[in-house]
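# Okay, structure incoming, though there's no sequence with it:
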């Protein structure tokens, strides 16, 4: 099998966990490995991914080998594979656009971005780098709210001939116009807004589906999340959360059976707690009615390391994008997007999405 040549946009905690995972699974086997949804996708194992280029805007990362850059501040995720091999790939200065919220300047340097003093790259330069690197798949790890920047990099991927994995809540795969352009270019796209391996949204969806299947009327629910990584700090600017809130809310609404009124469902980031670092804590409450209209409620507290939880899904999304390239399948990949993302082009229950994705993986059905 050939290797998967990957371009990374945003060398933050999620990129750190992904690279650490690629290193970690080099010494594992299907019989002994844990923590993966799939060991193999289209013949590709978790360590068959080579980062060939990467972009960031932080002076502490730009110019360094990506194996070093992933451990620079403000990254604060767990070091589960600290001896990541040098790649020879140096992080390049990317385009800023709206990739940094203005309020980040109010916080200490060790907790936020430091813009590089290099001139930011334009589209032509980034497209040239992508082409020369041979990148086949681009993964978008920009901060929440980076609407202009996400679309900018999607345009660069289109121009350079790269498949696109959109891990953030900017609607690209679920935008019919963008999806059509990827299809016309012969390029697959997986998106939008990554659904963590076992995180707040997938847990909330599963319980909501359980309520429906067991005949329990869900009347009200909330999901509140706290964390201390740069993503949570960035999201203190509530104006950057419009698409994030829509993505997370729709992910749950789509499995309620009967949609809840807006005032009876609240899903979204709650607050930034610096000392939590990359640990994310979810507080979930669901209120419903059992037989005879008798009330019940469920409360759950979930604590996870946020970025490895994301990387466990990204490693599959990247491989599904490459599998689609190998098979000549273009446009928004409906099955993997529904299974791996919160805001896919079309919502399905997780059971449906799982079986569709397994069929896609086996080549029995193309969606």
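Perfect, I can see it now. Here the structure is a predicted model, which means the values were calculated and not measured.
# Quick check: residue 7 touching residue 66?
No - with contacts counted by CB atoms under 8 Å, residue 7 stays clear of residue 66, the gap being 11.0 Å. Every C-beta, even on glycine, is put in place using the N, C-alpha and C of the backbone.
# So between these two, which is more surrounded?
Neighbours per residue (other CB atoms under 10 Å) separate residue 7 from residue 66, with residue 7 holding more: 28 against 25.
# Nearest residue to the more buried one in space, please, no chain neighbours.
Spatial nearest neighbour of residue 7, chain neighbours left out: residue 135 (3.9 Å); criterion: CB to CB, 6 or more residues apart in numbering.
# Common neighbours of residue 7 and residue 66, please.
Listed as contacting both residue 7 and residue 66 by CB atoms under 8 Å, 6 or more residues apart in numbering are 51, 54.
# rewinding a little: please give the element, helix or strand, for the residue nearest to residue 7.
No secondary structure element spans residue 135, as it lies outside all helices and strands (assigned by DSSP states H and E).
# Need phi/psi at it.
Backbone geometry at residue 135, expressed as degrees, to the nearest 10, gives phi -60, psi 130.
# That one: neighbouring residues, count only.
Counted with other CB under 10 Å, the burial measure for residue 135 works out to 24 neighbours.
# what about the protein, any weak spots by pLDDT?
Confidence mapping of the chain against pLDDT under 70 gives the ranges 1, 365-367.
# quick one, strands of it?
Assigned strands in the chain, in chain order: 4-9, 49-56, 92-93, 137-140, 163-166, 188-190, 217-227, 265-272, 279-289, 295-305, 331-332 (criterion: DSSP state E).
# what's the spacing between the second one and its chain's center?
With CA atoms, centre = their mean, to the nearest Å as the basis, the distance from the averaged C-alpha position of strand 49-56 to the chain average is 16 Å.
# Report all helices and strands that it contacts.
Strand 49-56 sits against strand 4-9, helix 13-24, helix 66-69, strand 92-93, helix 123-133, helix 306-327, with contacts defined as 3 or more CB pairs under 8 Å, 6 or more residues apart in numbering; DSSP states H and E.
# hmm, back to that, right, and the strands of the chain - which one's nearest residue 339?
In this view, the strands of the chain are compared for proximity to residue 339 by CB to CB, and strand 188-190 is the closest at 9.8 Å.
# one step back: the strands of the chain: which one's closest to residue 238?
For those, distance to residue 238 was read as CB to CB. The smallest value, 9.1 Å, belongs to strand 265-272.
# wait, isn't residue 256 in contact with residue 212?
Yes - the pair residue 256 and residue 212 qualifies as a contact (CB under 8 Å) at a distance of 6.6 Å.
# Which neighbours do those two have in common?
residue 218.
# can you list the helices and strands packed on strand 49-56 in TSV and add distance to residue 55?
Compiled in TSV, those are given as follows (distance: least, CB to CB, whole Å):
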stretch	distance to residue 55
strand 4-9	5
helix 13-24	10
helix 66-69	10
strand 92-93	5
helix 123-133	7
helix 306-327	16
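# Of these, which is nearest residue 198?
Across those (criterion: CB to CB), the nearest stretch is helix 306-327, sitting at 6.7 Å.
# mind listing what's buried in that closest one?
By neighbour count with 16 or more other CB atoms under 10 Å, helix 306-327 contains the buried residues 306-325.
# cool, and stretch 157-168?
Going by neighbour count (16+ other CB under 10 Å), the buried part of stretch 157-168 is 157, 158, 159, 160, 162, 163, 164, 165, 166, 167, 168.
# Show the contacting residues for the residue lying closest to the fifth one once chain neighbours are set aside.
Spatial nearest neighbour of residue 162, excluding adjacent residues (CB to CB, 6+ apart): residue 138 at 4.5 Å. Applying CB under 8 Å, 6+ apart, we find residue 138 in contact with 6, 7, 8, 9, 130, 153, 156, 157, 162, 163, 164, 165.
# Let's see that with 10 Å instead.
When contacts are counted by CB atoms under 10 Å, 6 or more residues apart in numbering, residue 138 is found next to 6-9, 53, 55, 130, 153-154, 156-158, 160, 162-166, 187, 189, 318, 321.
# Over to residue 247?
Taking CB under 10 Å, 6+ apart as the definition of contact, the neighbours of residue 247 are 144, 168-171, 174, 192-193, 195, 201, 241, 267-268, 341-344.
# cutoff 7 Å now
For residue 247, the contact set (CB atoms under 7 Å, 6 or more residues apart in numbering) comprises 169, 192, 193, 342, 343.
# Got the phi and psi for the closest residue in space to residue 100 that isn't next to it in sequence?
With sequence-adjacent residues excluded and distances taken as CB to CB, 6+ apart, residue 100 is closest to residue 113, at 5.2 Å. Taking degrees, to the nearest 10, you get phi -80, psi 150 for the backbone angles of residue 113.
# Neighbours of residue 113, how many?
Residue 113 sits with 26 neighbouring residues when counted by other CB under 10 Å.
# doesn't residue 99 make contact with it?
No - taking CB atoms under 7 Å as the definition, residue 113 is not a contact partner of residue 99, at 8.4 Å.
# what residues do these two have in common as contacts?
What both residue 113 and residue 99 touch, as defined by CB under 7 Å, 6+ apart, is the set residue 57.
# ok, and the closest non-adjacent residue to residue 245?
In this structure, residue 245 finds its nearest non-sequential neighbour in residue 268, 4.5 Å apart by CB to CB, 6+ apart.
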